[in-house]
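1. Next comes the sequence, and after it the predicted model I'd like to discuss.
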Amino acid sequence: RRTVLDVRGLSVDFHTPAGRLHAVQDVSFSVGAGETLAVLGESGSGKSVTAQAIMGILDTPPAEIVGGTVELGGQDLLTLPERQRRAATGSRVSLIFQDALTALNPVQPVAKQIGELYRLHRGASRKQAWRQAVEMMDRVRIPAAASRAGDYPHQFSGGMRQRILIAMALALDPEVVIADEPTTALDVTVQAQILDLLAEQQAERGLALVLITHDLGVASRMADRALVMYSGRVVEHGPIRRLFTAPIHPYSQGLVASIPRRSHRGGPLPAISGLPPSLTDRPAGCRFHPRCSIAREHCESVEPELLQLDDGRQTRCHFWTEVAS
Ligand code: SF4
Ligand code: MG
């Protein structure tokens, strides 16, 4: 697969009254055309900050990219002047948010909001922009698109609003789509429909899709590969099937074990106990050690490196062979 997005050593700091905090440290991954990478982790793991850094929309709290490269088709976005960068991330990379109600403007007809993209980036006239917006609404299967184009966001159901966001994300025919918990706010049936729509549009356009989620069910349905993040760092990276069948980090093992399985005999397995550390209060050594069932003294003082295994997978654990066996 042709690599579309290549992120190397991305690090983001937050400047806070308490000082400088490392929100994301040394994150690397690439995504190919037509490929889906799931970025997995609990809230506070750095998944959304990673997405925002790629999109150039980091803001709250005051955040700064302190290292790394974000290459799109071989060009580093981070070294581009602000204007060019905005143009690139506005058209070649796009983002689908979780909450369509806050992402959409409540006082503007939806076709106007979609059409705005064609006006801004393609110099379309009002009329052309409206027509193209209706085409996009049709494409994401909003029923009776032409007659609903003048409706406002609150006049649509949650699922239909999410389709409108997807229409906006796909409007300029991007190479990469980053979807941050795109279906979390929806009920299970609608969620499945939205995921199917995303998968279908991806296949049609050969999109590179980065799917940020805390939901392993969503990841297993959609992704080719998974990047598991914990406390600002990558802890496991590899094919999604391998993550489910043979995880190589105690954290991912815990995540996988906590999925309710119909086929599982003897009731649900215990989830990982405890909570992830806050940004201001990270443990020394391996950041997962307070929650790790196989932690030992070494883990409390020495932070593991991200190890590259022979099969191409990566894990950040001193004792990963014990997890794998
Ligand atoms: Fe657990 Fe130690 Fe591995 Fe961290 S390095 S995940 S504490 S075994
Ligand atoms: Mg988030």
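-> Cool, the structure landed. Ligands and ions are numbered 1, 2, ... in the order given.

2. any idea where the strands of the stretch 151-300 of the chain begin and end?
-> Per DSSP state E, counting those that start in this stretch, the stretch 151-300 of the chain carries strands over the ranges 176-180, 208-213, 225-230, 233-239.

3. Ok, the stretch 1-150 of the chain next?
-> 3-16, 19-32, 36-40, 63-72, 75-76, 93-96.

4. Give me the packing partners of the shortest one, helices and strands only.
-> The contact analysis (3 or more Cβ pairs under 8 Å, 6 or more residues apart in numbering; DSSP states H and E) places strand 75-76 against no helix or strand. The C-beta positions use only the backbone N, C-alpha and C, and glycine is treated the same way.

5. next one: the third one
-> Packed against strand 36-40 by the contact rule (3+ Cβ pairs under 8 Å, 6+ apart) you find strand 19-32, helix 47-55, strand 208-213, helix 216-222, strand 225-230.

6. coming back round to it: which of the strands of the stretch 151-300 of the chain sits closest to ligand 1?
-> Of all the strands of the stretch 151-300 of the chain, strand 233-239 sits nearest to ligand 1, with 7.4 Å by Cβ to the nearest ligand atom.

7. What residues of the closest one count as buried?
-> 233-238 (16 or more other Cβ atoms under 10 Å).

8. Please list the residues of the stretch 201-325 of the chain that sit near ligand 1.
-> 250, 286, 288-289, 292, 294-295, 299, 304, 317-319 (Cβ under 6 Å from any ligand atom).

9. Of the residues you listed, keep whichever come out buried.
-> 250, 286, 288-289, 292, 295, 299, 304, 317-319.

10. How about residues contacting the worst-scoring helix or strand of the chain on mean pLDDT?
-> Scoring the helices and strands of the chain by mean pLDDT, DSSP states H and E places helix 100-103 at the bottom, with a mean of 79. By Cβ atoms under 8 Å, 6 or more residues apart in numbering, the surrounding residues in contact with helix 100-103 are 97, 153-154, 158, 161-162, 164-165, 185.

11. Please tell me which one of the residues you listed counts the most neighbours.
-> Most neighbours among these, by other Cβ atoms under 10 Å: Q162, with 28 neighbours.

12. thought that one was touching L186?
-> Yes. Between Q162 and L186 a contact is recorded at 6.5 Å, counting by Cβ atoms under 8 Å.

13. List the residues that are in contact with both of the two.
-> I194.

14. related to what we said a few turns ago, measure how far the least confident helix or strand of the chain is from the centre of its chain, please.
-> 17 Å (Cα atoms, centre = their mean, to the nearest Å).

15. Could you list the low-confidence segments of the chain?
-> By pLDDT under 70, the low-scoring segments of the chain are 60, 260-271, 325.

16. Need the residue closest to the centroid of it.
-> I212 (2.4 Å; Cα atoms, centre = their mean).

17. That one contacts S48, doesn't it?
-> Yes. Checked against Cβ under 8 Å, the pair I212 and S48 is within contact range at 6.4 Å.

18. what do the two both touch?
-> D180.

19. just to revisit the earlier point, want to try TSV for the residues of the stretch 201-325 of the chain next to ligand 1, with distance to V39 as columns?
-> Converted to TSV, these look like this (distance: Cβ to Cβ, whole Å):
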residue	distance to V39
P250	19
C286	20
F288	17
H289	23
C292	21
I294	25
A295	25
C299	24
P304	20
C317	19
H318	24
F319	24
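
20. Can you list which of those are found in helices?
-> 250, 299 (DSSP state H).

21. For the residues of the stretch 201-325 of the chain next to ligand 1, work out which two are farthest apart.
-> Farthest pair in those (Cβ to Cβ) is I294 and P304. Separation: 12.6 Å.
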